[in-house]
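S.K.: Give me a 3D structure for the following:
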Amino acid sequence: MENQYFTSDTLNVRNRAFLLGDAVKVSFFIRNGKLIMDEECYFFLMASMRKMRMNIPLTYTLEFFQSLFQKDIVDGKGIQNGIINFQVFRNQDALTLAKSSISYFYEVVEADDVLAVQERPLELDMIKEINVNNNLLSNIRVHCPENIYGGIYAQENDLDDVILLNPNKRIARTTSGNLLFMEGNVIKVPKQTEGAYISPLMENFVTFLHKNNLADIQEHEIIAFESQKAEEILMISDEKGIFSVGKIRNKTFETSRFTELVESWKKSFNS
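M.R.: Alright, predicted model coming up:
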């Protein structure tokens, strides 16, 4: 089934998202016909819009989005499981950009289970000719030419994705998500100050592991070589889902322990 698209207004090419990339994107998640983690995703959207100095409408309440997605997606299209990639962009209709109105566009990517680890492990590699910044705006999903370049590089080299470094040559993230590195009972996660994305999906997962004493979660500055020391690697993408990493260059990785942890996390949503 093709992705479903929804907009607040009739789209035209004279919008700032198309012309200037003046937009932010946040994902919401539908599982078994219900929104999950909706508060976390909503507050991340509000924070992202504030960082981009957008004029947030008074109507943009949590209840507004709950009702919108229920009406359009679950009731309107009968979609029970999927990722909603929601994008808001600034219009050019006021004297100042900060006072301009905003519009939205979103698509729904159907999935069997948004919390399931995808069946095929990914093959990644480092890319060193470009890097991503590690400032205030690096943690939110805004227009990023490095992601586009990295995605093309991955395709041309028969890779699923690439690992992006920050200006200090330390691991930030991939083009589409964050990485978690397992060594023994320790799970290392690159710090947000390193250029990692803020991810409601990942934060919910690591919070579950921490609260249930299933792993020792540590935020780190991770040099590129340390990826080769990991026993298992997980990639969590709010936009695409959850993936095991099977190979980076000549090093292969196990996948069983992260898969078991994700299964335990999934069961917590059924209780």
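
S.K.: Just the buried positions in the helix or strand hosting residue 84, please.
M.R.: Assigned by DSSP states H and E, residue 84 belongs to strand 82-90. Buried residues in strand 82-90, counting neighbours by 16 or more other Cβ atoms under 10 Å, are found at 82, 83, 84, 85, 86, 87, 88, 89, 90. Glycine gets a C-beta too; all of them are placed from N, C-alpha and C.

S.K.: phi, psi of residue 216?
M.R.: phi -90, psi 110 (degrees, to the nearest 10).

S.K.: Give me the pLDDT for it.
M.R.: The per-residue pLDDT reported for residue 216 equals 97.

S.K.: tell me the contacts of it?
M.R.: 185, 186, 187 (Cβ atoms under 8 Å, 6 or more residues apart in numbering).

S.K.: Identify, from those, the entry nearest to residue 139.
M.R.: residue 187 (19.5 Å; Cβ to Cβ).

S.K.: after the host helix or strand of residue 153, next one along is what?
M.R.: Using DSSP H and E, residue 153 falls within helix 145-156. On the C-terminal side of helix 145-156, the closest following helix or strand by DSSP H and E is strand 161-165.

S.K.: Which strands and helices lie in contact with the one helix or strand residue 125 maps to?
M.R.: Using DSSP H and E, residue 125 sits in strand 122-127. Applying 3 or more Cβ pairs under 8 Å, 6 or more residues apart in numbering; DSSP states H and E, we find strand 122-127 packed against helix 145-156, strand 161-165, strand 241-248.

S.K.: Deepest-packed of the ones you listed, please.
M.R.: When the helices and strands packed on strand 122-127 are scored by mean count of other Cβ atoms under 10 Å, the highest mean neighbour count falls to strand 161-165 (a mean of 24).

S.K.: any residues touching that strand, and which ones?
M.R.: Here strand 161-165 has contacts from 122, 124-128, 130-132, 146, 150-151, 153-154, 171-176, 179, 195, 224, 227, 235, 248, using Cβ under 8 Å, 6+ apart.

S.K.: got the CA positions of that strand in CSV?
M.R.: Provided in CSV are the C-alpha atoms of strand 161-165 (Å, rounded to 0.1, in the frame of the first residue of the first chain):
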residue,chain,number,x,y,z
ASP,A,161,23.1,3.7,5.8
VAL,A,162,26.3,5.6,6.8
ILE,A,163,27.6,6.7,10.2
LEU,A,164,28.1,10.5,10.4
LEU,A,165,30.8,12.0,12.5
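
S.K.: Show me what the helix or strand following it is in contact with.
M.R.: Counting by DSSP H and E, the element after strand 161-165 in chain order, helix or strand, is strand 171-174. Residues outside strand 171-174 that contact it (Cβ under 8 Å, 6+ apart) are 124, 131-132, 134, 138, 150, 161-166, 179, 190, 194-197, 222-224, 226-227, 235, 237.

S.K.: Can you tell me the closest non-neighbouring residue to the residue most central in space within the chain?
M.R.: What sits nearest the mean C-alpha location of the chain, by Cα atoms, centre = their mean, is residue 238, with 2.8 Å. Distance criterion Cβ to Cβ, 6 or more residues apart in numbering; nearest residue to residue 238, sequence neighbours excluded, is residue 27 at 4.0 Å.

S.K.: Residue 55: which of the helices and strands packed on strand 122-127 is closest?
M.R.: Per Cβ to Cβ, nearest to residue 55 of those: helix 145-156, 25.7 Å.

S.K.: Return the alpha-carbon coordinates of the closest one using CSV.
M.R.: As requested, the backbone C-alpha atoms of helix 145-156 are provided in CSV (Å, rounded to 0.1, in the frame of the first residue of the first chain):
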residue,chain,number,x,y,z
PRO,A,145,22.1,18.3,3.2
GLU,A,146,24.5,15.9,5.0
ASN,A,147,21.7,13.4,5.2
ILE,A,148,21.0,13.6,1.5
TYR,A,149,24.7,13.3,0.6
GLY,A,150,25.1,10.4,3.0
GLY,A,151,22.1,8.6,1.7
ILE,A,152,23.4,8.8,-1.9
TYR,A,153,26.8,7.7,-0.8
ALA,A,154,25.2,4.6,0.9
GLN,A,155,23.3,3.7,-2.2
GLU,A,156,26.3,4.1,-4.5
